[in-house]
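> test case, fold it:
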Amino acid sequence: MIDEILKIADSVARSILCENFGLEVKSTQESVPEMDEFWYSGIVGVLGTIGDLKGRVIIGVDFDVCGHLVKAIYDQDLATNNDMLDVSYEIFNMIVGNTLVECKNVYSIVLRPTPPSIFLGENMLIVSPKIQRKKIEYVFDCGKMFIEVGFERGM
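Okay, the predicted model is just below:
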């Protein structure tokens, strides 16, 4: 089920980023993380899912991509930390919300998101223990982003 949900999240994210922000994906890479932890610099959102499957969606955008998003929304060149957190919060909610609605429509799986936790920083250690995960990484002209979908092992 991870592959199917990640495919929907990929389609949703591409649509939102292209239609609203003019961001075209240059390349992608899918992977199954071998370790329960990884380092990331930028803005990371962690949204849990409850319902038919328990898990989480983690979305990360680097500072350059987030700066592009802030500029598109606020029409300003300078992106403060608060601007980046606010914009990321809304975009992450859009991606996950639309993905979960599509999962219900296509697979009749009912998943509800938990409120997101958003983190901003350099070299953050992100840990997802006891979760079976799959990740897709995006490359844009202005930087990188990832979406990771995971569910409790055995689901």
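> show the backbone phi and psi for residue 75.
Main-chain torsions, residue 75, degrees, to the nearest 10: phi 50, psi 50.
> same deal with the one 5 residues further on?
Comment: the main-chain dihedrals of residue 80 come out as phi -80, psi 170, following degrees, to the nearest 10.
> any idea how far it is from residue 70?
Residue 80 sits 8 Å away from residue 70, going by Cβ to Cβ, to the nearest Å. C-beta here means a position set from N, CA and C on the backbone, and glycine is covered the same way.
> okay, these two: which has more neighbours?
More neighbours surround residue 70 than the other of residue 80 and residue 70, with 21 against 11 (other Cβ atoms under 10 Å).
> am I right that the more buried one sits in a helix?
Yes: per DSSP: H, G, I helix; E, B strand; the rest coil, residue 70 lies within a helix segment.
> pretty sure it contacts residue 84?
Yes: in this structure, residue 70 is within contact of residue 84 by Cβ atoms under 8 Å, at 6.0 Å.
> assign a three-state SS to the residue nearest to residue 45 when sequence neighbours are not counted, would you?
Distance criterion Cβ to Cβ, 6 or more residues apart in numbering; nearest residue to residue 45, sequence neighbours excluded, is residue 92 at 3.8 Å. With three-state DSSP as the basis, residue 92 sits in helix.
> and the pLDDT at residue 92?
Listed pLDDT for residue 92 reads 95.
> and residue 154, by the same measure?
pLDDT, read off for residue 154, is 58.
> list the residues that contact the residue most central in space within the chain.
What sits nearest the mean C-alpha location of the chain, by Cα atoms, centre = their mean, is residue 59, with 2.4 Å. For residue 59, the contact set (Cβ atoms under 8 Å, 6 or more residues apart in numbering) comprises 44-45, 47, 92, 95-96, 145-148.
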